[in-house]
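[1] what follows is a predicted protein model with its sequence.
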Amino acid sequence: MAKKKHIFTPVSEKEVTRAIVDSFARQFIEYVESDCLIIGGGPSGLMAGRDIALKGVKTLIVERNNYIGGGFWIGGYLMNKVTVREPAQKVLEELGIPYEKAVKGLYVADGPHACSKLIAAACDAGVKFANMTIFDDVVLREGNRVCGAVVNWTPVNALPREITCVDPIALEAKFVVDSTGHDACVVKKLEERGILKTVGFGAMWVDQSEDLVVEHTGEAHPGLIVTGMAVATTYGLPRMGPTFGAMLLSGRKGAQVILQKMKKK
Amino acid sequence: MNDFIRPIPSVIDLYEEGDLGNLNIFKIGEYLEEEMHIPFRLRGNIYKRSSKKRREGVSIELARIKVKDPGKRFVSEVPLHGEVDYEKRRISDSHWKIFGILYEGVFYQEIVSNLIFKQRIDLNRCIILFTNQLFGTWDRVTHRYHARVSLYGFPNLISLPGLVEAPAKPKAFYLKKQMGTPVEWLKEEYREMFLDHGDSRMTEVLKGYAMQALLFHLTGDPFCADRDCRLFNSHWQEEVLHSQMDGKYEFCPRHEKILKGLRERR
C-alpha cells in the first residue's frame, strides 16, 4: 500500500516555538528603539504610521487589544458601516477601499473592508506592531521631552497586582504619538505629572468637530504628537460621533508634523 | 428705552473676522446709512492692522477664553501650545473658515475692544464686528452658557454661525433628529424655516441685527417686543425669519418714531 503523502511539511512543536520566539525577539530588540512610537492602533494611529513608514521612518504601533483597528471595524450602534465626509473619501480611494455616496458630501464603506485595508496598508508600508501591549507611562528626558513609553502585557495589567507583580519595560523613540482615542492615555499621563492639563471632550457636534480635530492635530508637548479623538480630549473640542474622516486626516496631518520635525532635526 | 441718549456717532465702522461667505457687508452699511443718515466705512479684517507681536499676544488671549464645558462657569486657564498655535493660524488668515469653538463672549468683546480702541472707547464711532466665530454668554437662569447671535457694546459683535446655531430650529426638527432622521434630510425638509451656514438670506437678516447694534450704541436698548419689528429679540429661527424678512413693517410705529427723532438730532 502506497504511503499517504502529507499536505504540509513535517515540523516539530519545538521548531514552531523557536520560530515564534526568535522572530518576535529579533523584531522586538530592533524596535526597542524606533523613530516613532505610536500608542493606539486605531484609524488615526494606523494612518499616521502608514504615512511615515512609507517615507522610511522606523515605526512601531503599540495596541492594547489583540486586534488592530480600534473602532474602525464598526460604525455607530454596532453597525459595521463606516462613514466619512468629503474630502476623506480620497483616502479611501488611495487605500483601495470601496465606498458609496450616502448624500452629498457623505460616503459609506464597509467597516471590515475599510479597516482591514488600512491595517494592510500600514503593514505594507513597514509599520510593526506590538499588540496585547498596554501603555503604562511615558519616558521623559531633559525639558520633560517625551521620548518613549513604558509598556506591559495587557493581561498582566488586567490582573490584580497581588497575582501579577510584573514590572513593565520601556521603549524609546524620537517621537511618541498619542492616538488612544477619547482616553488620550499619554496626554493624561502627562497631566498626572502636572505637565499638561486637559479638559475632556465637549458635546457631540459632528459638523464642526472634524475640522477642529484636524486643525488641532500636532505636537501638544515636546516629543508628543496627538492625533484622532485624543486631540478632542486634549483641547476640549466637541465630540465627533460615528464619522471617521477626521481620524484618517488627523493621522495624515500627524504624520506630516512628524516628517517636518524629523527633517528639521 | 432709556431716557439717556448718547451723541450720534459720526461714522459706523464695519469690521470682519474670518471668511464670511456670501455676506454683503457693503449692503448692510448702505442700509444703516439710509436708515440713520450716518456714513459707514468698511474696515476689513479686524486683525490686519495689528503687528505680528500683537497678534501673538491676541492668540494667547483668545486661547484662554474658550468655554470648554458650557454647563460650568468659565475659568481662564493657561492655554496649551497647540491651542495658541491654532489661534495664531486662525487670526493670521483672513479667509479662515473653521469654527466650532465657543468663546466667552464678554472676554471676546474685551479683546476686540482693545484691538480697536487705543486707550479710551471712542463713542464717536459705532463699531460692528461681523465674525465667523461662535461666542456665548452665561445664562443666570439656566446656569449654562448659550451661543449668541450678537453681543452689543463697544464694540458690537455679530456672529454668523451664532445666527445659525443660537436661535432654536423648529421643534419637529429636533424630534425627528432624535428619532434618527439624517440632518441632511431635515435640512432639506425645513429649509424655509431656519437659516443654515452660507444661507443667501444672511445679508438681509443681519441688516436688522446691525440696526439693533446701532440702537444699542445710541440708547443702550436695542430690542423691541413687537415680533413684526426688525428690533425684535428672536429666540427661534422662525421668529428671526419673520421679524427680519416677513414682518408687517420695517420697524414698529414706536421705534419708527424713535429712529426719526434720532435722525433729526444729527
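    Done, it's in. Please read these numbers as outputs of a predicted model, since none were measured by experiment.
[2] can you pull the contacts of B:Tyr152?
    With contacts defined as Cβ atoms under 8 Å, 6 or more residues apart in numbering or on different chains, B:Tyr152 is in contact with B:Gln212, B:Ala213, B:Phe216, B:His217, B:Pro222. Just so you know, the C-beta spots here come from the backbone N, C-alpha and C atoms, and that holds for glycine as well.
[3] how many other residues sit next to the fourth one?
    Look at B:His217: counted by other Cβ atoms under 10 Å in any protein chain shown, it has 25 neighbours.
[4] what of the last one?
    Here the neighbour count serves as a burial measure; for B:Pro222 (other Cβ under 10 Å) it reads 19.
[5] am I right that it is in a helix?
    No: using DSSP: H, G, I helix; E, B strand; the rest coil, the secondary structure at B:Pro222 is coil, not a helix.
[6] B:Gln212 is in contact with that one, correct?
    Yes: between B:Pro222 and B:Gln212 there is a contact at 3.9 Å, judged by Cβ atoms under 8 Å.
[7] nearest residue to the residue in chain A positioned nearest to chain B other than its sequence neighbours?
    Residue of chain A nearest chain B, by Cβ to the nearest Cβ: A:Gln208 (2.8 Å). Leaving aside its chain neighbours, A:Gln208 sits nearest to B:Gly100 (2.8 Å; criterion: Cβ to Cβ, 6 or more residues apart in numbering or on different chains).
[8] could you identify the most distant pair in the contacts of B:Tyr152?
    Using Cβ to Cβ, the contacts of B:Tyr152 span at most 9.8 Å, a distance reached by B:Gln212 and B:His217.
[9] so what's A:Val257 up against?
    A:Thr217, A:Gly218, A:Glu219, A:Ile225.
[10] and it, that's in a helix?
    Yes: A:Val257 forms part of a helix when assessed by three-state DSSP.
[11] picking up where we left off before, any shared contact partners between B:Pro222 and B:Gln212?
    With Cβ under 8 Å, 6+ apart, B:Pro222 and B:Gln212 have common neighbours B:Tyr152, B:Leu231.
[12] how long is stretch B:6-26 end to end?
    One end of stretch B:6-26 sits 25 Å from the other (Cα to Cα, to the nearest Å).
[13] ok, back up a step: mind putting the contacts of B:Tyr152 into JSON lines with distance to chain A and pLDDT?
    What follows is the contacts of B:Tyr152, written out as JSON lines (distance: Cβ to the nearest Cβ, whole Å; pLDDT from 0 to 100):
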{"residue": "B:Gln212", "distance to chain A": "26", "pLDDT": "98"}
{"residue": "B:Ala213", "distance to chain A": "26", "pLDDT": "97"}
{"residue": "B:Phe216", "distance to chain A": "29", "pLDDT": "95"}
{"residue": "B:His217", "distance to chain A": "31", "pLDDT": "94"}
{"residue": "B:Pro222", "distance to chain A": "28", "pLDDT": "95"}
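[14] sitting in helices, which of the residues you listed do you find?
    B:Gln212, B:Ala213, B:Phe216, B:His217 (DSSP state H).
[15] now do the same for B:Glu77: its pLDDT.
    On pLDDT, B:Glu77 comes in at 84.
[16] ok but it is inside a strand, no?
    No: secondary structure of B:Glu77 (three-state DSSP): coil, not part of a strand.
[17] doesn't B:Arg64 make contact with it?
    Yes: counting by Cβ under 8 Å, B:Glu77 does reach B:Arg64; the two are 6.8 Å apart.
[18] for the stretch 101-250 of chain A, what spans make up the helices?
    A:111-125, A:154-158, A:185-192, A:206-216, A:229-235, A:245-264 (DSSP state H, counting those that start in this stretch).
[19] pick the most deeply packed of these.
    Greatest average neighbour count among the helices of the stretch 101-250 of chain A goes to helix A:229-235 (a mean of 29), per mean count of other Cβ atoms under 10 Å in any protein chain shown.
[20] how far off centre is that one?
    Its chain's average C-alpha position is 15 Å from that of helix A:229-235, according to Cα atoms, centre = their mean, to the nearest Å.
[21] which residues of chain A score low on pLDDT?
    A:1-2, A:199-207 (pLDDT under 70).
[22] worst-scoring helix or strand of chain B, pLDDT-wise?
    Across the helices and strands of chain B, mean confidence by mean pLDDT, DSSP states H and E is lowest for helix B:183-189: a mean of 83.
[23] please see if that one touches chain A.
    Yes: Helix B:183-189 comes into contact with chain A (Cβ under 8 Å from any Cβ of the partner chain), by way of B:Glu184, B:Trp185.
[24] list the contacts of that helix.
    Contacts for helix B:183-189 (Cβ under 8 Å, 6+ apart): A:Val103, A:Lys104, A:Leu106, B:Phe173, B:Lys176, B:Lys177, B:Asp196.
[25] at 10 Å instead, please
    For helix B:183-189, contacts defined as Cβ atoms under 10 Å, 6 or more residues apart in numbering or on different chains pick out A:102-106, A:206-207, B:169-170, B:172-174, B:176-177, B:181-182, B:194, B:196.
[26] can you check the distance spanned by stretch A:159-176, start to finish?
    First-to-last distance for stretch A:159-176 - Cα to Cα - comes to 27 Å.
[27] same check, this time on stretch B:220-240
    21 Å.
[28] just to revisit the earlier point, now do the contacts for the residue nearest to A:Gln208.
    B:Gly100 neighbours (Cβ under 10 Å, 6+ apart): A:202, A:205, A:207-213, A:215, A:237-238, B:133-134, B:161, B:165.
[29] again, but for B:His37
    Taking Cβ under 10 Å, 6+ apart as the criterion, B:His37 is in contact with B:Ile8, B:Leu262, B:Arg263, B:Glu264, B:Arg266.
[30] take the contacts of B:Tyr152 and lay them out in CSV including distance to A:Gly148.
    CSV is the format used below for these (distance: Cβ to Cβ, whole Å):
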residue, distance to A:Gly148
B:Gln212, 57
B:Ala213, 55
B:Phe216, 57
B:His217, 58
B:Pro222, 58
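[31] so which of those is the closest to B:Glu83?
    Among the contacts of B:Tyr152, and counting by Cβ to Cβ, the member closest to B:Glu83 is B:Ala213, at 29.5 Å.
[32] ok, that closest one - how many residues close by?
    Counted with other Cβ under 10 Å, B:Ala213 comes out at 27.
[33] repeat that for A:Gly76.
    13.
[34] repeat for B:Cys252
    20.
[35] three-state assignment of the spatially most central residue of chain B?
    By Cα atoms, centre = their mean, chain B has its centre lying nearest to B:Ile158, at 1.1 Å. Of the three states, B:Ile158 takes strand under three-state DSSP.
[36] find the nearest non-adjacent residue to it, please.
    Once flanking residues are discounted, B:Ile158 sits nearest to B:Ser150: 4.8 Å by Cβ to Cβ, 6+ apart.
[37] what's the burial count for that neighbour?
    23.
[38] isn't it right next to B:Leu214, touching?
    No: using Cβ atoms under 10 Å, B:Ser150 is not in contact with B:Leu214; the gap is 11.7 Å.
[39] shared neighbours, the two?
    Counting by Cβ under 10 Å, 6+ apart, the contacts common to B:Ser150 and B:Leu214 are B:Ile128, B:Asn156, B:Pro222.
[40] so which strand or helix has the first one?
    Element membership of B:Ile128, judged by DSSP states H and E, is strand B:125-131.
[41] next, see if that strand gets close to chain A.
    No: shown here: strand B:125-131 not in contact with chain A (Cβ under 10 Å from any Cβ of the partner chain), separated by at least 14.9 Å.
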